[in-house]
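Visitor: Kindly return the folded structure for what I paste below:
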Amino acid sequence: MLYPDLSRWALLIVVTSAVFNPCAGGTVNTAPRAVTPGGPVTAESLHARPTKTSPSQPFFPRFHIRPPAGHVNDPNGPFRDPNTGFVHLFMQYCPYGPCMSQKAPITPGERPNYQSAAHFFSKDLVRWTWTGEHSGVIAGGQNESETDCPDDHGVYSGSTTIVNGTPHYLYPGVHLNPTPWTDGTRYPTMSQCYAIPADPSDPTLAQWKKRTIIPSTQIPHGLSQHLHDDSEAFVGADGRWWVFMGGKACGPKATGDCPHPDPSATDAHGVNYLFSSADFQTWRPEHSLVNTSGFVSCPEFFHLPEMAPNQYVYHAMGATNAFGTFDPDAVVFHPDGHSIGKYDNADGHASKSFWDATTHRRIMWSWISGGFPCNNSEHLPCDSMQSVPREMHYSPALDTLIITPVSEVAQLRTTSLVHAVDLAVPTVPTPLVGADGDALDVLLNFSCPQTAGPGSTCAAAVQLRVSPDGGEFIQVGFTGVIGAAGKPVVVSIEHGSKSLDGAAVAPGCNVTNNSNIPRSNLPGVVVPAKNDAEGVAECTAACARTHGCVAWVFVRAGHQGGPRCALKDNTFCPNPLSDPCAGCRNADGTCGCVSGTMAGAPSRNPNACGGGGGGGKAGSFDVPYAATDAFDGRFAFRVLVDTSVIEVYAQGGRAIGTYMYIPQNAASTGVRVVASTAGVTATADVWAMGSAYAPGTP
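Guide: Model (predicted):
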């Protein structure tokens, strides 16, 4: 069978590496770092931006922005410049690959690879320009001047506030605590800083200068030294500026005795700690805006026009949106405790947004996590990207956010490939004739048959990146019960995978799409191993140095991006050890990998961790319906397909999911539709999409 059993709707997604994430508390690559000659990665040294005529870059995103190489994560500090009208966006960036540990010193001859804030700008929210390697807010403050932020070990996530017409990018600068902790380690601590344009007359705002406003010594007693991810500042009822950072409480422990992570800390609930200022220069500690159950990463807090007075929404990375009431006098947020929905699902992680007063919209981006193959002269890896810009609204009836691509994204459409009305959707996968490509905007409005009465189930799907033989694809489908009021419709993502000759591709070892790191925060490690013995030694050592690692896979040279190690933690490696090559066996019966588990760890099969076709992992998300809002058999998808990623917007943006997906073959570009219910029809529109990089962008 070349297509899934729609009666069971096996819910499988292609999984990717969460890799480095300062929002999640600074988990980083702790494996040995290659010592490389000093000097920057320049635009000239990197491969040109991909186009449809660049076959050597088939998986580099065309309209999801990022620098030409290296690792990116959280979107940071978006704003519209009041002087030029240009929209600016920062993002966490490590140019040479996985970010260095914040507590790792620089060795002689090594170029620093701590996270900085890469900088893009756009005149129209459609096409974007990267201002280059030596622009944005770059880590290295202690080497610059006394007034600059001590951020020599990294620039963490921040937000931008316009103060008297000047953008102020607030962020935590990472530096080492001068006093070692009880284990003798100098752990990172953070000072809060802002950066302002060094040359306000430069419309690109490429260069920024810094100033410390809240030194680490001002972190209140009982809070973790890891106080990060600054919010937008706002003016309170008292006329003062207020800003908060995410972190955790440490109970009775002194701040100096509370690095992150610190498993010995008691009462370690999350905090969103507020500081206030009369002049944006001198700040004093106040209290927590709202406490959470765990460590806070990438918090956002805002009001939308559709909301009641003093109604706000708060969310942190990975958490459900929390709606509630803001007390402006006490400066405290009270969640209502029954809100639903998330700002993204699956591979969509940290978000950042801003209120665009020019267009009267709140516009946000989401970090899409996952590596993909890329080419550049220095052979640097590529990992992660930003979503398309999205606008957010609030639905009082659903008590959730409605999130859709900004209307400007439609300007990237180049050619109309399909326009079909009342299209019959068969119960076997059927091609949408003319819909072919690796960069598409797909709109489908499904209608269940009128003969399907209340209580009956209706399901249909679109399959994307379909291979020429039909065996490989990623499927986006829905299942709903007609007439069921208040019951969500379930959206499922499934990965069908066969090689082009029809042979089954076993799960778990497709290094090119990072299924070797299923939904984990353990990054893969490129190793110089020339044989199995060296590979086993390298991977064992890398796993031993990486917190939480229990199993590893050594991928041999010549097999799926090898030689390299895939490191796995206990959460995503639960399977019993059976065939040590399960999931890595080639069509000819040879094994492309060698696997192992750490001493003392339960026996498991690291090759098969994550399970499912091609390394797929079960997953789905719900589309909310109110108690008075019954599913009537009509369901809409908008899916953005971009070489190595898809964004799924369900039922007009009631729920969204983002998925990294790298097919076995770049020639997998077909589109099919299928239904489990006879009589389903659809309206289909498909467009080819162009590049979001402005001409001349490196």
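
Visitor: So which residues of the stretch 351-500 of the chain form strands?
Guide: Taking DSSP state E, counting those that start in this stretch to define them, one finds strands in the stretch 351-500 of the chain at 361-372, 382-386, 390-395, 400-405, 413-424, 430-436, 439-447, 457-466, 473-481, 489-496.

Visitor: Determine which of those approaches Asp152 most closely.
Guide: Judged by Cβ to Cβ, the one of the strands of the stretch 351-500 of the chain that comes nearest to Asp152 is strand 382-386, at 23.3 Å. Placement of C-beta: from N, CA and C, glycine included.

Visitor: can you give me the angle the closest one makes with strand 361-372?
Guide: Angle between the axes of strand 382-386 and strand 361-372 is 160 degrees (criterion: axes from the mean of the first three to the mean of the last three Cα atoms, to 10 degrees).

Visitor: Remind me what strand 382-386 packs against, helices and strands.
Guide: Packed against strand 382-386 by the contact rule (3 or more Cβ pairs under 8 Å, 6 or more residues apart in numbering; DSSP states H and E) you find strand 70-80, strand 361-372.

Visitor: and that strand, what's its mean pLDDT?
Guide: Computed over strand 382-386, the mean pLDDT rounds to 94.

Visitor: repeat for stretch 163-177
Guide: On average, the pLDDT along stretch 163-177 is 95.

Visitor: Ok, stretch 102-119 next?
Guide: Per-residue confidence for stretch 102-119 averages out to 82 on the pLDDT scale.

Visitor: Buried residues in stretch 106-117, which are they?
Guide: Glu110, Pro112, Asn113, Tyr114, Gln115, Ser116, Ala117 (16 or more other Cβ atoms under 10 Å).

Visitor: phi, psi of the second one?
Guide: Spelled out, it's Pro112. Backbone geometry at Pro112, expressed as degrees, to the nearest 10, gives phi -60, psi 140.

Visitor: for the strands of the stretch 351-500 of the chain, which one sits closest to Asn310?
Guide: Closest to Asn310 of the strands of the stretch 351-500 of the chain, according to Cβ to Cβ: strand 390-395, at 13.6 Å.

Visitor: still on that earlier bit, distance to Lys248 and secondary structure added to the buried residues of stretch 106-117, as CSV?
Guide: Listed next are these as CSV, based on distance: Cβ to Cβ, whole Å; DSSP: H, G, I helix; E, B strand; the rest coil:
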residue, distance to Lys248, secondary structure
Glu110, 32, coil
Pro112, 28, coil
Asn113, 27, coil
Tyr114, 23, coil
Gln115, 20, coil
Ser116, 25, strand
Ala117, 24, strand
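
Visitor: that older thread, Val680: which of the strands of the stretch 351-500 of the chain is closest?
Guide: Closest to Val680 of these, according to Cβ to Cβ: strand 457-466, at 5.0 Å.

Visitor: Point out the other helices and strands that the closest one packs with.
Guide: Applying 3+ Cβ pairs under 8 Å, 6+ apart, one finds that strand 457-466 makes contact with strand 439-447, strand 473-481, strand 489-496, strand 634-642, strand 670-675.

Visitor: And stretch 160-179, what's buried?
Guide: Applying a neighbour-count criterion of 16+ other Cβ under 10 Å, one finds 160-162, 167-177 buried in stretch 160-179.

Visitor: and those, which of them are in strands?
Guide: Members of those lying in strands (criterion: DSSP state E): 160-162, 167-176.

Visitor: now for the residues you listed, which pair is the farthest apart?
Guide: Farthest pair in those (Cβ to Cβ) is Ile162 and Leu176. Separation: 32.6 Å.

Visitor: Can you name the residues that contact Ser456?
Guide: Remark: with contacts taken as Cβ atoms under 8 Å, 6 or more residues apart in numbering, Ser456 is in contact with Val481, Ile482.

Visitor: so what's it scoring on pLDDT?
Guide: The predicted local confidence for Ser456 is 90.

Visitor: gap between it and Ala484?
Guide: For Ser456, the distance to Ala484 equals 10 Å [Cβ to Cβ, to the nearest Å].

Visitor: now do Pro105
Guide: In this structure, Pro105 and Ala484 are separated by 59 Å, where distance is defined by Cβ to Cβ.

Visitor: Compare those two and say which is more crowded by neighbours.
Guide: It is Ala484, of Pro105 and Ala484, that has more neighbours when counted by other Cβ atoms under 10 Å, with 15 against 10.

Visitor: Looks like the more buried one contacts Asp629 (just checking).
Guide: No: assessed by Cβ atoms under 8 Å, Ala484 is found out of contact with Asp629, at 10.1 Å.

Visitor: Let me have the helices and strands packed on strand 382-386 in CSV, adding mean pLDDT, mean neighbour count and distance to Val421 as columns.
Guide: Supplementary listing: the helices and strands packed on strand 382-386 in CSV, determined by pLDDT from 0 to 100; neighbours: other Cβ atoms under 10 Å; distance: least, Cβ to Cβ, whole Å:
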stretch, mean pLDDT, mean neighbour count, distance to Val421
strand 70-80, 96, 26, 37
strand 361-372, 94, 25, 31
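
Visitor: So what's the residue count around the residue nearest to Gly657 when sequence neighbours are not counted?
Guide: Closest residue to Gly657 apart from its sequence neighbours, by Cβ to Cβ, 6 or more residues apart in numbering: Asn345 at 4.0 Å. The criterion is other Cβ under 10 Å. On that basis, Asn345 has 23 neighbouring residues.

Visitor: who touches Asn345 in this structure?
Guide: Contacts of Asn345 by Cβ under 8 Å, 6+ apart are Gly619, Phe621, Ala655, Ile656, Gly657, Thr658.

Visitor: Now do the first one, the pLDDT please.
Guide: Which is Gly619. Reported pLDDT at Gly619 in the predicted model: 59.

Visitor: and if you look at the last one?
Guide: The predicted local distance difference test score for Thr658 is 93.

Visitor: hang on, it is in a strand, isn't it?
Guide: Yes: remark: Thr658 belongs to a strand, assigned using DSSP: H, G, I helix; E, B strand; the rest coil.

Visitor: For the closest residue to it other than its chain neighbours, give the beta-bridge partners.
Guide: In space, Thr658 comes closest to Gly348 once its chain neighbours are excluded; the distance is 3.6 Å by Cβ to Cβ, 6+ apart. Note on Gly348: beta-bridge partners by DSSP bridges are Ile368.

Visitor: Name the SS class of Gly696, please.
Guide: coil.

Visitor: Does it touch Arg127 like I think?
Guide: No: at 10.4 Å, Gly696 and Arg127 do not qualify as touching, with contact defined as Cβ under 8 Å.

Visitor: any low-confidence regions in the stretch 351-500 of the chain?
Guide: When the per-residue scores of the stretch 351-500 of the chain are filtered using pLDDT under 70, the ranges that remain are 495-500.

Visitor: switch to 50 and redo it
Guide: 497-500 (pLDDT under 50).

Visitor: next one: the stretch 1-150 of the chain
Guide: Flagging of the stretch 1-150 of the chain using pLDDT under 50 yields the residue ranges 1-22, 24-54.

Visitor: try 90
Guide: Residues of the stretch 1-150 of the chain meeting the criterion pLDDT under 90: 1-57, 96-113, 133-135, 138-148.

Visitor: Which residue ranges of it form strands?
Guide: Using DSSP E, counting those that start in this stretch, the strands of the stretch 1-150 of the chain run over residues 12-14, 70-80, 87-94, 116-122, 128-130.

Visitor: Can you check what angle separates the longest one from strand 166-176?
Guide: Here strand 70-80 points in a direction 150 degrees away from that of strand 166-176 (the same axes, to 10 degrees).

Visitor: CA-only coordinates of strand 70-80 in CSV, if you can.
Guide: Backbone C-alpha positions of strand 70-80 (Å, rounded to 0.1, in the frame of the first residue of the first chain) are rendered in CSV as follows:
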residue,chain,number,x,y,z
GLY,A,70,25.4,28.2,10.6
HIS,A,71,22.8,27.8,13.3
VAL,A,72,19.9,30.2,14.0
ASN,A,73,17.1,30.0,16.6
ASP,A,74,14.8,32.5,18.3
PRO,A,75,13.4,35.4,16.4
ASN,A,76,14.3,38.6,18.4
GLY,A,77,13.3,42.2,18.7
PRO,A,78,11.2,42.9,15.6
PHE,A,79,10.1,46.5,15.1
ARG,A,80,9.2,49.0,12.4
